[in-house]
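Peer 1: model the structure of this input:
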Amino acid sequence: CPCKPLICLSVCVGIVWFGFTTDPISLDDCCKDGKERGQESQDCTSLPLISESTTCRIAQEQCCTAVLEDNICTSGINMAKDQGSCDALLSSSTCETKTRISLKEKEMFSPFSLLLVCISDMNSFMFKMTELPPSQGDAQNTEDQCKAAGCSQSCFNGSCACLEGYKLKVDGKTCEDMNECLLGSHQCRGGERCINTLGSYRCQRVISCGTGYELTDNNKCKDIDECETGTHNCAAELQCQNTAGSFRCRPRVQCGMGFIQDALGSCIDINECLSVTGPCPSGHMCFNTVGSYTCQRHSVSCGRGYHLNADGSRCVDIDECAGPDNSCDGHGCINLVGSYRCECRVGFIFNSISRSCEDINECRNYPGRLCAHKCENILGSYKCSCTTGFKLAADGRNCDDLNECESSPCSQECANVYGSYQCYCRRGYQLSDVDGVTCEDIDECALPTGGHICSYRCHNTPGSFHCTCPTTGYTLATNGRSCQDIDECVTGTHSCSESESCFNIQGGNKCLNFDCPANYRRSGDTRPRVDRADIIRCVKSCQPNDISCVLNPILSISHTAISLPTFREFNKPEEIVFLKSPTPSHLPHMDTPEIVYDILEGNVQNSFDIIKRLDHGMIVGVVRQVKPLVGPVSTVLKLAMNYVTNGVVSHRNIINVHIYVSEFWF
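Peer 2: Numbering: from 1, shown residues only. The predicted structure is shown next:
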């Protein structure tokens with residue numbers, strides 16, 4: 001419920017509790033409309049309805065009334081603050097305003113009476129604002145009145161009242177805690193969360209104070225003195241010093257001159273002799289001591305390539321190249337600080353022992369730095385070369401990739417790769433394992449999958465293959481691999497006479513002539529061509545007074561023909577013929593004959609059987625091939641559909657299935 005006052009909240013809870021019917025307009029919209037009209041001080045008993053729903057109408061009026069009562073409650077509180085008389089307010093109160101809610105509806109909402117809540121809040125506040133204590137007699141009378149009224153906390157002028165933080169229940173006697181957090185009457189600031197307590201509330205800080213601070217009872221952040229609480233981690237030789245939100249560890253002892261203090265407070269000696277300027281004068285040596293240093297004059301001793309200067313205070317360089325008799329014995333000489341170097345041609349180095357210039361092996365002295373691939377030392381220099389598949393670049397050091405395909409090393413196609421090349425072949429060829437450059441023809445027909453490339457026969461050709469079909473009865477399909485049967489009956493290439501019916505089989509055709517025996521006549525039209533589903537049916541037609549014909553149980557004789565391949569993979573029975581009975585299947589009774597299927601003749605090698613099945617409520621006999629047959633094979637499978645009543649065949653139908661098994665699987 002969007003209403004702030006507790007009165008409206010009770011009304012909204014009451015509406016949900018009593019289970020009024022729902023409305024396409026939500027209760028929030030109905031209550032909101034009532035509140036707006038209450039703010040305009042409209043008459044809550046004659047509001048324009050926004051819905052035909054009783055629930056919405058009640059919500060409109062109650063929320064409108066709640067706004068008016070909330071204003072009256074506010075006036076009552078203000079009157080109590082000024083210690084005025086409540087009677088003046090009650091005389092003009094609209095708490096008793098009638099509404100269009102029925103008596104039954106009022107009884108439903110009576111637990112949420114608006115007037116009692118309004119008056120209890122005014123009386124409670126009046127009691128809390130009273131400053132002058134009553135006289136002894138008045139107090140005695142008040143106490144007696146409270147006892148008589150059965151007030152749970154206190155009373156005022158014979159009416160029950162509640163202490164601060166409580167409110168009077170609808171019974172007018174019992175006090176219950178007021179949830180300031182729910183009513184929004186708390187004084188918690190931003191960043192604080194209101195927590196209700198019995199008769200009051202408290203504000204709790206939501207955002208943490210952070211490390212080094214704690215929350216006080218007055219909801220303030222106070223610095224934690226880690227030094228005082230002993231929560232610091234300073235060592236024994238260090239002293240804790242508190243800071244805002246943290247602490248520092250300071251040494252207890254201060255170091256003297258000549259020492260430096262580390263992080264743990266230890267005093268470490270300073271080596272003054274290692275300073276940049278040096279503490280000792282020229283010609284003296286510095287010796288470090290604990291906390292200080294000493295200077296000692298030293299005698300100058302020059303090393304090789306140096307000699308003392310005129311005053312003997314320092315060593316100066318000797319120029320070995322000075323004079324005609326230099327140390328290089330006539331070779332180019334270059335003086336160095338403390339030494340000298342004899343200058344030879346590029347690619348040579350001076351040997352001080354042999355006093356001659358010797359060749360420098362650059363490849364050994366600078367491995368991997370002079371040439372990209374291979375380095376070869378020569379007198380006074382070096383030369384670079386490249387590995388196979390590369391050629392020396394213009395700079396004489398790096399190597400560029402050599403395009404071997406320009407010399408056509410492959411028999412068909414060549415692809416240059418970095419440092420080498422790769423031969424590959426066109427479709428239908430494969431690269432030779434011997435030299436890796438010659439392309440050899442692939443015999444697709446000899447591959448492990450070659451038997452499945454063509455339906456019949458595969459013929460290898462250079463770089464390809466082609467398929468063929470049997471010479472008669474088949475033609476090659478558009479995919480160039482499958483063989484398709486030629487329907488001679490359609491193309492008219494058969495040799496059947498006009499009295500015969502042409503039946504196409506795989507790889508050929510059969511000219512069939514089905515004549516009905518004596519006492520039977522053909523049923524239906526006769527067509528010159530027999531399809532797989534076509535059946536030529538002869539029904540019994542007896543001559544008058546032909547008793548033997550009438551007693552013959554065979555009612556019909558049918559002929560049909562099917563063509564089967566030689567199954568290449570025979571894993572399960574193949575269903576080939578379906579015999580449908582005109583009799584529907586239902587629970588057996590005396591008037592319903594049982595249908596029994598049987599194979600009378602033509603079951604070659606017991607390759608066929610017949611089973612009974614229900615299909616859409618009809619009995620169906622299914623003829624199956626249960627064993628593989630390798631063609632060409634032809635047989636006439638004579639089937640019987642027997643109608644058995646009380647164990648005796650009452651009548652039967654004969655079906656002759658002419659089966660032609662092709663020698664091919666396609």
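
Peer 1: going forward, measure contacts between C-alpha atoms and count neighbours the same way
Peer 2: Noted.

Peer 1: what about the spatially closest residue to Y201 that is not a sequence neighbour, distance to L183?
Peer 2: Beyond its immediate neighbours in the sequence, the residue positioned closest to Y201 (C-alpha to C-alpha, 6 or more residues apart in numbering) is I195, lying 5.7 Å away. Distance, I195 to L183, by C-alpha to C-alpha, to the nearest Å: 12 Å.

Peer 1: and if you look at G631?
Peer 2: G631 sits 97 Å away from L183, going by C-alpha to C-alpha.

Peer 1: comparing the two, which residue is more hemmed in?
Peer 2: Neighbour tally, G631 and L183, criterion other C-alpha atoms under 10 Å: the higher count belongs to G631, 16 against 12.

Peer 1: quick one, what contacts the more buried one?
Peer 2: Contacts for G631 were tallied using C-alpha atoms under 8 Å, 6 or more residues apart in numbering; they are 565-566, 661-664.

Peer 1: what about it, distance to V550?
Peer 2: When distances are taken as C-alpha to C-alpha, G631 and V550 turn out to be 42 Å apart.

Peer 1: kindly report the same for G230.
Peer 2: As judged by C-alpha to C-alpha, G230 and V550 stand 125 Å apart.

Peer 1: so what pLDDT did G84 get?
Peer 2: On pLDDT, G84 comes in at 59.

Peer 1: how distant is the host helix or strand of C549 from the center of its chain?
Peer 2: In this assignment (DSSP states H and E), C549 forms part of helix 547-551. Taking C-alpha atoms, centre = their mean, to the nearest Å, one finds helix 547-551 lying 80 Å from the centre of the chain it belongs to.

Peer 1: what does it rub up against?
Peer 2: With C-alpha under 8 Å, 6+ apart as the test, helix 547-551 has contacts from 519, 542-543.

Peer 1: circling back: got the contact list for the residue nearest to Y201?
Peer 2: Contacts were defined as C-alpha under 8 Å, 6+ apart; by that measure I195 touches 181, 201-204.

Peer 1: got CSV for those residues, with secondary structure too?
Peer 2: As requested, these are exported to CSV (DSSP: H, G, I helix; E, B strand; the rest coil):
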residue, secondary structure
C181, helix
Y201, strand
R202, strand
C203, strand
Q204, strand
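
Peer 1: turn the residues you listed into JSON lines, including distance to K32 and pLDDT.
Peer 2: Formatted as JSON lines, the entries for these read as follows, by distance: C-alpha to C-alpha, whole Å; pLDDT from 0 to 100:
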{"residue": "C181", "distance to K32": "22", "pLDDT": "87"}
{"residue": "Y201", "distance to K32": "30", "pLDDT": "88"}
{"residue": "R202", "distance to K32": "31", "pLDDT": "85"}
{"residue": "C203", "distance to K32": "31", "pLDDT": "85"}
{"residue": "Q204", "distance to K32": "33", "pLDDT": "80"}
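
Peer 1: dump those residues into a markdown table; add distance to K35 and neighbour count as well.
Peer 2: As requested, those are exported to a markdown table (distance: C-alpha to C-alpha, whole Å; neighbours: other C-alpha atoms under 10 Å):
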| residue | distance to K35 | neighbour count |
| --- | --- | --- |
| C181 | 22 | 19 |
| Y201 | 29 | 19 |
| R202 | 31 | 17 |
| C203 | 31 | 18 |
| Q204 | 33 | 18 |
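
Peer 1: G230 and V550: who's more crowded?
Peer 2: When neighbours are counted by other C-alpha under 10 Å, G230 and V550 differ, and V550 comes out ahead with 16 against 10.

Peer 1: mind telling me which residue is nearest the centre of this protein?
Peer 2: Using C-alpha atoms, centre = their mean, the residue of the chain that lies closest to the mean C-alpha position is I207, 35.6 Å off.

Peer 1: spatially nearest residue to that one (excluding sequence neighbours)?
Peer 2: Here the nearest residue to I207 in space, its sequence neighbours aside, is G191; by C-alpha to C-alpha, 6+ apart that works out to 6.4 Å.

Peer 1: quick one: contacts for the one you found?
Peer 2: Applying C-alpha under 8 Å, 6+ apart, one finds that G191 lies in contact with 205-207.

Peer 1: from those, which land in helices?
Peer 2: Assignment to helices by DSSP state H places none of those there.

Peer 1: using a markdown table, lay out those residues together with pLDDT and distance to C414.
Peer 2: Compiled in a markdown table, the contacts of G191 are given as follows (pLDDT from 0 to 100; distance: C-alpha to C-alpha, whole Å):
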| residue | pLDDT | distance to C414 |
| --- | --- | --- |
| R205 | 78 | 80 |
| V206 | 76 | 77 |
| I207 | 75 | 74 |
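
Peer 1: could I get those residues as a markdown table with distance to S26?
Peer 2: Written out in a markdown table, the entries for the contacts of G191 read as follows (distance: C-alpha to C-alpha, whole Å):
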| residue | distance to S26 |
| --- | --- |
| R205 | 37 |
| V206 | 35 |
| I207 | 37 |
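
Peer 1: which one among these gets closest to D598?
Peer 2: Among those, V206 lies closest to D598 (C-alpha to C-alpha), at 91.7 Å.
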